[in-house]
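Trainee: A predicted structure for the sequence below; I have some questions about it.
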Amino acid sequence: MRAYVDQSACTAGGLCEEAVPEVFVLDDRGVATVIEAGVAMAEGGMSAGGAEVPRGLEDRVRDAAAACPGACIFCHAD
Amino acid sequence: MAVAVAEHRVGALEEFPIGEVKLVEVEGREVGILRTRDRVFAIGNRCPHQGAPLCAGRVTGTMLASAPNEYVYGEDGLVIRCPWHGFEFHVATGESVGGAVRGRVPTYQVEVRDGDVICSLRRPPREES
């Protein structure tokens, strides 16, 4: 599964980072992005098709997407 | 790689009454355009508290930080109040007044060019509230 953040809608509350810090982090502008191979992706990972979600974290990422107040986290199959 | 962000003409300036938020759609996203006497602002239509349609709220001012027993109203026309729970947000930054709500309303780049209001979904550099 891959996930990305539409940063244009991010409300910067950091709930995703709190829920799944292995996958989400707030960038230097204070909006969320995804992490791949330990690196925060540019533009929320949108242009790269998202970050690969580590096995075993899929449900937590889906829960974070459902709870996101900006509804800006998107998940899709590889 | 940076993502190209398109600019969109969302209307003529005269179509936006001063002091009112008018909803427009930009790339499928609802954006509220607020025209003041000397500037335009673009904000998201989703309150970061519980997702309320923020732009249905009232444009107002707020009470400024002041000494005990002093009540100072300011920022008139630069604050929007959520219609559901009354949380207030600075339209320039999207930040919650007084930090009452975690997170902030998205703000977008918008400008007036040759009498037209041009908006993109690019997030502007952060301003101080």
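Mentor: Yep, it's here.
Trainee: tell me, how many neighbours does the closest residue in space to A:Asp6 that isn't next to it in sequence end up with?
Mentor: Counting by Cβ to Cβ, 6 or more residues apart in numbering or on different chains, the nearest residue to A:Asp6 once its immediate chain neighbours are dropped is A:Cys72, at 4.3 Å. To be clear about C-beta, it is placed using only N, CA and C from the backbone, and glycine gets the same treatment. The local packing count at A:Cys72 equals 23, with neighbours defined by other Cβ atoms under 10 Å in any protein chain shown.
Trainee: interface residues of chain B facing chain A?
Mentor: Contacts of chain B with chain A, taken as Cβ under 8 Å from any Cβ of the partner chain, map to B:1-3, B:29, B:44, B:46-51, B:102-106, B:108, B:121-123, B:126.
Trainee: so what's the closest residue to chain B within chain A up against?
Mentor: Residue nearest to chain B within chain A: A:Gly13 (2.9 Å; Cβ to the nearest Cβ). Contacts here follow Cβ atoms under 8 Å, 6 or more residues apart in numbering or on different chains; on that basis A:Gly13 touches A:69-70, B:48, B:102-103.
Trainee: Specify which member of the residues you listed is nearest to B:Phe87.
Mentor: B:Pro48 (8.6 Å; Cβ to Cβ).
Trainee: Which strand in chain B has the most residues?
Mentor: Among all segments of chain B classified by DSSP state E, the strand with the greatest residue count is strand B:72-81.
Trainee: Output the contacting helices and strands for the helix or strand just after that strand.
Mentor: Scanning forward in sequence from strand B:72-81, with DSSP states H and E defining helices and strands, the next element found is strand B:88-90. Packed against strand B:88-90, as judged by 3 or more Cβ pairs under 8 Å, 6 or more residues apart in numbering or on different chains; DSSP states H and E, are the following elements: strand B:72-81.
Trainee: mind redoing it with 10 Å?
Mentor: Contacting strand B:88-90 under the criterion 3 or more Cβ pairs under 10 Å, 6 or more residues apart in numbering or on different chains; DSSP states H and E are the following elements: strand B:40-44, strand B:58-64, strand B:72-81.
Trainee: Give the partner strands of the strand or helix carrying A:Ile35 in its sheet and their orientations.
Mentor: A:Ile35 belongs to strand A:32-36 when assigned by DSSP H and E. Take DSSP bridges as the rule and strand A:32-36 pairs in its sheet with strand A:24-26 (antiparallel), strand A:39-40 (antiparallel).
Trainee: So which residues on chain A come close to chain B?
Mentor: A:6-15, A:29-32, A:42-44, A:46-48, A:68-72 (Cβ under 10 Å from any Cβ of the partner chain).
Trainee: Take the strands paired with strand A:32-36 and write them to CSV, including mean neighbour count and mean pLDDT.
Mentor: What follows is these, written out as CSV (neighbours: other Cβ atoms under 10 Å in any protein chain shown; pLDDT from 0 to 100):
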stretch, mean neighbour count, mean pLDDT
strand A:24-26, 20, 97
strand A:39-40, 14, 96
